[in-house]
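> let's see this in three dimensions:
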Amino acid sequence: MTVIQLITGAIGSVAFGLLFHMKTKYLPLAAAGGFLSWLVFLFGKSLWGSVFLPALLAGFIADVYAEILARICKETSTSFFVTSVIPLIPGSTLYYCMSSIVEGNPMQALKYGRDTFLFAFGIAAGMSIAWAICYFLRSVKAR
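Alright, predicted model coming up:
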């Protein structure tokens with residue numbers, strides 16, 4: 001099951017790379033980014049059990065990966081980050097939250113809504129921390 005999740009994360013990242021008109025030579029890097037971010041998330045989920053810390057760690061790693069590739073490939077980090085973070089997008093929890101609302105189950109909707117928020121906030125926080133560290137290192141290097 002884990003291997004299938006990792007492979008589909010990589011394929012999904014490539015599909016979004018195609019959707020965003022990423023250069024063909026970088027599509028394997030997009031696949032590796034999706035694979036890596038989902039692997040980190042699954043590892044973190046097995047350690048911590050919740051969704052916030054694994055999403056934070058996976059968002060951090062995805063952004064560091066994107067920043068490194070941006071320097072190596074002489075491209076912007078945005079396309080690498082977006083394709084790497086695609087497997088982390090909390091679509092299922094958002095779907096179940098909306099489904100619970102429609103079914104009239106507010107307690108279940110709150111649970112899924114909380115998980116969706118924590119997932120998205122974890123990704124954003126991880127990305128922000130990595131971005132701040134990279135920005136700091138670039139400013140130190142410039143001096």
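> so how far is stretch 40-60 off the chain centroid?
Offset of stretch 40-60 from its chain centre (C-alpha atoms, centre = their mean, to the nearest Å): 10 Å.
> endpoints of it, how far apart?
End-to-end distance for stretch 40-60: 10 Å, by C-alpha to C-alpha, to the nearest Å.
> list the helices and strands the lengthiest helix in the chain packs on?
For the chain, the helix with the greatest residue count under DSSP state H is helix 106-142. Packing partners of helix 106-142 (3 or more C-beta pairs under 8 Å, 6 or more residues apart in numbering; DSSP states H and E): helix 52-73, helix 77-85, helix 91-103. Every C-beta, even on glycine, is put in place using the N, C-alpha and C of the backbone.
> for Val102, see how far away the residue nearest the centre of the chain is.
Nearest to the geometric centre of the chain sits Val85, at 2.7 Å (C-alpha atoms, centre = their mean). Taking C-beta to C-beta, to the nearest Å as the measure, Val85 falls 28 Å from Val102.
> just to revisit the earlier point, excluding its backbone neighbours, what's nearest the residue nearest to the centre of the chain?
Ala62 (4.8 Å; C-beta to C-beta, 6 or more residues apart in numbering).
> tell me the pLDDT at the one you found?
Per-residue pLDDT puts Ala62 at 95.
> next, the contact list for it, please.
Residues in contact with Ala62 (C-beta atoms under 8 Å, 6 or more residues apart in numbering) are Gly33, Leu36, Ser37, Val40, Phe81, Ser84, Val85, Leu88, Gly126, Met127.
> can I get these in JSON lines with distance to Val3 and pLDDT?
JSON lines is the format used below for the contacts of Ala62 (distance: C-beta to C-beta, whole Å; pLDDT from 0 to 100):
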{"residue": "Gly33", "distance to Val3": "18", "pLDDT": "95"}
{"residue": "Leu36", "distance to Val3": "14", "pLDDT": "95"}
{"residue": "Ser37", "distance to Val3": "16", "pLDDT": "95"}
{"residue": "Val40", "distance to Val3": "16", "pLDDT": "95"}
{"residue": "Phe81", "distance to Val3": "24", "pLDDT": "92"}
{"residue": "Ser84", "distance to Val3": "19", "pLDDT": "93"}
{"residue": "Val85", "distance to Val3": "21", "pLDDT": "94"}
{"residue": "Leu88", "distance to Val3": "18", "pLDDT": "91"}
{"residue": "Gly126", "distance to Val3": "24", "pLDDT": "94"}
{"residue": "Met127", "distance to Val3": "26", "pLDDT": "93"}
